[in-house]
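Undergrad: need a 3D model of the sequence below.
(3 chains)
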Amino acid sequence: MTEQLPALQILITMMAAPLCVLVRNARVSWAIALLANAFACWVAWQLLQQVQTTGVIRYALGGWAAPSGIEYYIDTMNAAVLLLVSGISTLSLLYAYKSVSKAVPMAKHYLFYSAWLLCVTGLMGIVITGDAFNVFVFLEVSSLATYMLISFGDDRRALTASFRYLVLGSVGASFILIGIGFLYAATGSLNMVDLAERIPDSESQRAVLVAFSFITIGVLIKAAVFPLHAWLPNAYTFAPIAVTAFLAGTATKVSLYVLLRFFFSIFGEAYSFGQLFLNTVLLPAAIAGFVLMSLVAIFQTDLRRMLAYSSVAQIGYIVAGFALASQAGLTAGIVHIVNHAMVKTALFMAVGCIIYRVGHAHRPSLDSLFKHMPFTCVAFIISGLGLIGVPLTVGFVSKFTLIGAAMERGWWILAGLVLISSLMAVVYVGRVVEVMLFRQSRQSGPESSGLSEAPVTMLIPMYVLVAMGLYFGINGSQTLSVAGEAARQLLGGF
Amino acid sequence: MKLYPRQRHRVLQVVTKLVIPFVLMFGLYVQFHGDYGPGGGFQAGVIFASAFILHGLIFGLQQTRRVLSPGVLRVMMSLGVLLYAGTGAVTMLMGGNLLDYDVLAHDPLHGQHWGIFAVELGVGITVTGVMISLFYGFASKR
Amino acid sequence: MTQAIGLYSYWIVILLMMAGLYIMIARYNLVKKIIGLGLFQTSIFYLYITMGKVDGGTAPILVEDATLLYSNPVPHVLILTAIVVGVATSAVALALIVRIYESFDTIEEDEIKAIEAQEPDS
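TA: Coordinates of the predicted model:
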């Protein structure tokens, strides 16, 4: 049975999606979705164990062997991201039950959950597959489901946000498609391992170069790396908050994984960073991203929008780690993928609890919220500290590694800028905390008097993430060792 | 002579009634001959759906909905996907990898035949359902 | 020069692609944007089909004659998938446009932006 695990990872959530449409019942479809996701999470955990003991797993679909057939290729990097995606998805689904019932009409719930399942299937498919074209197919599966999920938001601007994401996302995916086409033209192969072998001795290096450029731009759009992040703030702000929590932890992270896979495994570190100086493009974009977007986040009054800009900034840190292209830098980037996913999902969940009770997330009018919703506020504060990077939180682990990696290369300016943008995070998280804790209610209207704590089903997943954040913050060696192993495998090629 | 709504476009209505069986037949041909010639589930599904869309265009959406209700389409869409994925699950239960049709019958050749048949049928049913639902969805808006 | 003309198929790809991108950027009407996106995606299909063509080869269908030269079928298969994805994308986009029209009463992007600018953020 264990050799079939890679297929089960995709198959169960994929089969659960049409089942949800068949039953057409809000509760049953939620239960199906949750069960399927929990199962996927268990499978991912098994795969991670298996990869760490026995090494790379290769699973040939349909029994057709690798270069001509499609295969699933799982090393430490994949398994870790798979566990992340399925875990975040399971927790967000648990959270979604109460939260979504307010935002989405009951009759549409079954469609919501089947779209969610398709989205998870697509995201896990992108991660697990070892075939370049399959990446595109799964990317579109997840993207189309994402557009649908975003458009479920109760504000009408959710529709336009979803539409803009659709146009930009389709252009990005099409760019990836062109890139894969040129790779096929240059090498005659679509299998990632095979591509990595054939690219260096391809006759048409120019086609490889074109493929490289198209794939880079396409993936950077999907990953919302600064200047190409235009779709993200509105999409995160107006989507149902459970969807935002889910996407913030998974969608951009998976795109960053694709970035890693193409740059390091397929093209190889020597080609993308040694020969083409990719870091001269990535590093300025990353630095501008985390400095400017942290600055923009300070001036946002809507908590969701503030966190969305902060997401773009955090993606900047991750890309900066990649651009260092060293063992330490990659480790920092990968560890920050996991850590930021936990922190940001918990933060969005806290904002969701606030929206569930208060009805909005307008910062200036959340006076003395701590009195009414202490658990939500504590979760927000702890995760906020994680976002800043205070010691004993996950944020500290990844920023410490990143600064260490920058100093190892002698890039003191990068290290300094990371610290400066962390100070900006102190400002934007601090402003929210100040309003929550200390500011006195100017008027005790009916809005603020009848407030109570958020439902338990929303608090539990949030506190699971907060607890994981604290655990991995204190005991950082565990995630660091997995990330270090993944970085070693990526730098070593296939 | 006063024409009632259902009597308009008489020529078109008669021709449509004549054409639809052939379109359906051609759809089935493309579906089931797909393993030997050009064809398969995607194309067959679209051709099959086009017959119903033609019916909807000429006789009006109400008439077509009586033939094929949106509820049936929803079942078709999900059953097709389940048939596809279910074939994969069956191959795994019978000891092969996902979608390894060799194990479906006593010899690999028949196994491949059965597997592709089932999978393409799933694709065909889903595509038919999706295409007609798209038509219903957009045509029912003003 | 003759080589540049000989590869006319790629020139068509470039032309279609640029036209599609231009429409997407320059037109405010959302439906026109989707038409541009469709044109852009079609150019990619054309690129793949061009790549798979073998000079003098026929369609890659199994026949008795084993020596027959045939085109590379893999790009065709890939692009069949991409076409289906393209259809799905346009369907989702058009459905979104219908709902945008229902809630904003317009599908001109500049008008939608003007309406959105008046709404408070939360």
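Undergrad: from here on, just use CA atoms for contacts and neighbour counts.
TA: Noted.
Undergrad: ok, now which ones touch the residue in chain A positioned nearest to chain B?
TA: For chain A, the residue closest to chain B is residue A:62, as judged by CA to the nearest CA, at 3.6 Å. Counting by CA atoms under 8 Å, 6 or more residues apart in numbering or on different chains, residue A:62 touches B:96-101.
Undergrad: which residue lies nearest the spatial centre of chain C?
TA: Taking CA atoms, centre = their mean, the centroid of chain C lies closest to residue C:41, which sits 1.6 Å from it.
Undergrad: can you say which helix or strand has residue 19 in it?
TA: This is for chain A. helix A:5-23 (DSSP states H and E).
Undergrad: ah, no, chain C please
TA: Assigned by DSSP H and E, residue C:19 falls within helix C:8-26.
Undergrad: show me what that helix is packed up against.
TA: helix C:30-52 (3 or more CA pairs under 8 Å, 6 or more residues apart in numbering or on different chains; DSSP states H and E).
Undergrad: mean confidence for the helix it packs on?
TA: Across helix C:30-52, pLDDT averages out at 92.
Undergrad: so after it, what's the next helix or strand?
TA: The element immediately downstream of helix C:30-52 (helix or strand, assigned by DSSP H and E) is helix C:73-104.
Undergrad: now the angle from that next one to helix C:30-52?
TA: On the basis of axes from the mean of the first three to the mean of the last three CA atoms, to 10 degrees, helix C:73-104 is oriented at 180 degrees to helix C:30-52.
Undergrad: just how off-centre is helix C:73-104 within its chain?
TA: 9 Å (CA atoms, centre = their mean, to the nearest Å).
Undergrad: which ones are touching residue 125?
TA: Unless you meant another one, I'm taking chain A. So residue A:125 contacts A:10, A:135, A:138 (CA under 8 Å, 6+ apart).
Undergrad: wrong chain, I was asking about chain B
TA: Counting by CA under 8 Å, 6+ apart, the residues that residue B:125 touches are B:41, B:45, B:76-77, B:79-80.
Undergrad: buried residues in the helix holding residue C:19?
TA: C:9-10, C:13-14, C:16-21, C:23-24 (16 or more other CA atoms under 10 Å in any protein chain shown).
Undergrad: flag every buried residue along the helix or strand hosting residue B:25.
TA: Assigned by DSSP H and E, residue B:25 belongs to helix B:10-32. By 16+ other CA under 10 Å, the buried positions in helix B:10-32 come out as B:13, B:16, B:20, B:23-24, B:27-28, B:30-32.
Undergrad: so after that helix, what's the next helix or strand?
TA: Next element after helix B:10-32 (DSSP H and E): helix B:41-59.
Undergrad: who are the packing partners of that following helix?
TA: helix B:10-32, helix B:61-67, helix B:108-139.
Undergrad: try 6 Å this time
TA: The contact analysis (3 or more CA pairs under 6 Å, 6 or more residues apart in numbering or on different chains; DSSP states H and E) places helix B:41-59 against helix B:10-32, helix B:108-139.
Undergrad: in CSV: these, plus mean pLDDT.
TA: Formatted as CSV, the helices and strands packed on helix B:41-59 follow (pLDDT from 0 to 100):
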stretch, mean pLDDT
helix B:10-32, 92
helix B:108-139, 90
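Undergrad: so who does the residue of chain B found nearest chain A touch?
TA: Relative to chain A, the nearest point of chain B is residue B:100 (3.6 Å; CA to the nearest CA). By CA atoms under 6 Å, 6 or more residues apart in numbering or on different chains, the contact set of residue B:100 is A:62-63, B:91.
Undergrad: excluding chain neighbours, what is closest to it?
TA: Leaving aside its sequence neighbours, residue B:100 sits nearest to residue A:62 (CA to CA, 6 or more residues apart in numbering or on different chains; 3.6 Å).
Undergrad: hmm, back to that, and which of the buried residues of helix B:10-32 is nearest chain C?
TA: Of all the buried residues of helix B:10-32, chain C sits closest to residue B:30, with 14.6 Å by CA to the nearest CA.
Undergrad: now residue C:107: how far from chain A?
TA: Per CA to the nearest CA, to the nearest Å, residue C:107 is found 10 Å from chain A.
Undergrad: burial count for the residue nearest to residue A:356 when sequence neighbours are not counted?
TA: The shortest distance from residue A:356 to any non-neighbouring residue, by CA to CA, 6+ apart, is to residue A:99 (6.5 Å). Using other CA atoms under 10 Å in any protein chain shown, residue A:99 has 26 other residues around it.
Undergrad: what strand or helix carries residue A:99?
TA: Using DSSP H and E, residue A:99 sits in helix A:76-103.
Undergrad: return the set of buried residues in that helix.
TA: By neighbour count on 16+ other CA under 10 Å, the buried set for helix A:76-103 is A:76-100, A:103.
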